[in-house]
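A.B. asks: Let's see this in three dimensions:
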Amino acid sequence: MDITPLVPADRQYIQSYGGGGFRVSNVRFEGAVLILPERAVAWPVTDVPSSSASDYGGLFEPPSGVEILLIGCGPSMQFVPAALRQELRDKGVVIDAMDTGAACRTYNVLLTEDRRVAAALLPVD
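C.D. replies: Next comes the predicted model:
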């Protein structure tokens with residue numbers, strides 16, 4: 001499914017998802033990925049409920065300034081531990097968990113609105 005938006009050339013955007021990975025700004029990522037406006041990196045998480053704040057470390061590396069983190073939990077939404085929500089909130093980041101497809105589409109929309117958004121995405125087949 002192609003979901004390419006109109007975004008500035010210096011921003012990371014999600015072109016497609018599925019088949020166990022993602023195409024982000026013309027680069028294919030197999031498995032999970034953490035996408036910030038300035039960069040995209042492989043994300044070593046396999047399920048959201050067992051993740052910790054350290055798994056989201058890239059959010060706090062300059063020049064990030066991320067305010068919203070969309071978590072794509074795979075084919076369906078998963079529980080995000082309250083402690084993780086609070087720890088990220090204390091650092092100024094609000095979490096919104098949803099299925100991966102919805103997270104991809106929402107990320108691209110917020111990116112085109114020039115919002116400080118990131119996406120932590122688990123793959124879908």
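
A.B. asks: name the helices or strands packed onto the worst-scoring helix or strand of the chain on mean pLDDT?
C.D. replies: The helix or strand of the chain with the lowest confidence, counting by mean pLDDT, DSSP states H and E, is helix 82-90 at a mean of 93. Here helix 82-90 touches strand 94-98, going by 3 or more C-beta pairs under 8 Å, 6 or more residues apart in numbering; DSSP states H and E. Placement of C-beta: from N, CA and C, glycine included.

A.B. asks: Return the strand it packs on as PDB; C-alpha atoms alone will do.
C.D. replies: Output of strand 94-98 as PDB, limited to C-alpha atoms (Å, rounded to 0.1, in the frame of the first residue of the first chain):
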ATOM      1  CA  VAL A  94       2.900  12.200  24.500                       C
ATOM      2  CA  ILE A  95       2.300   8.600  23.300                       C
ATOM      3  CA  ASP A  96      -0.500   7.600  21.100                       C
ATOM      4  CA  ALA A  97      -0.700   3.800  20.400                       C
ATOM      5  CA  MET A  98      -2.600   2.300  17.500                       C
END
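
A.B. asks: Partner strands of it, with direction?
C.D. replies: Strand 94-98 has its sheet partners listed here by DSSP bridges as strand 68-72 (parallel).

A.B. asks: residues making contact with the partner strand?
C.D. replies: 48, 56, 59, 80, 88, 93-104, 106-107, 110, 115-122 (C-beta atoms under 8 Å, 6 or more residues apart in numbering).

A.B. asks: Can you turn the buried part of those residues into a PyMOL selection?
C.D. replies: Buried subset of the contacts of strand 68-72, written as a PyMOL selection, criterion 16 or more other C-beta atoms under 10 Å:
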select buried, resi 48+56+59+80+88+93+95+97+98+99+100+101+103+104+106+107+110+117+118+119+120+121+122
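
A.B. asks: before we move on, the earlier item: show me which positions of the least confident helix or strand of the chain end up buried.
C.D. replies: Quick answer for helix 82-90 (16+ other C-beta under 10 Å): 84-85, 88.
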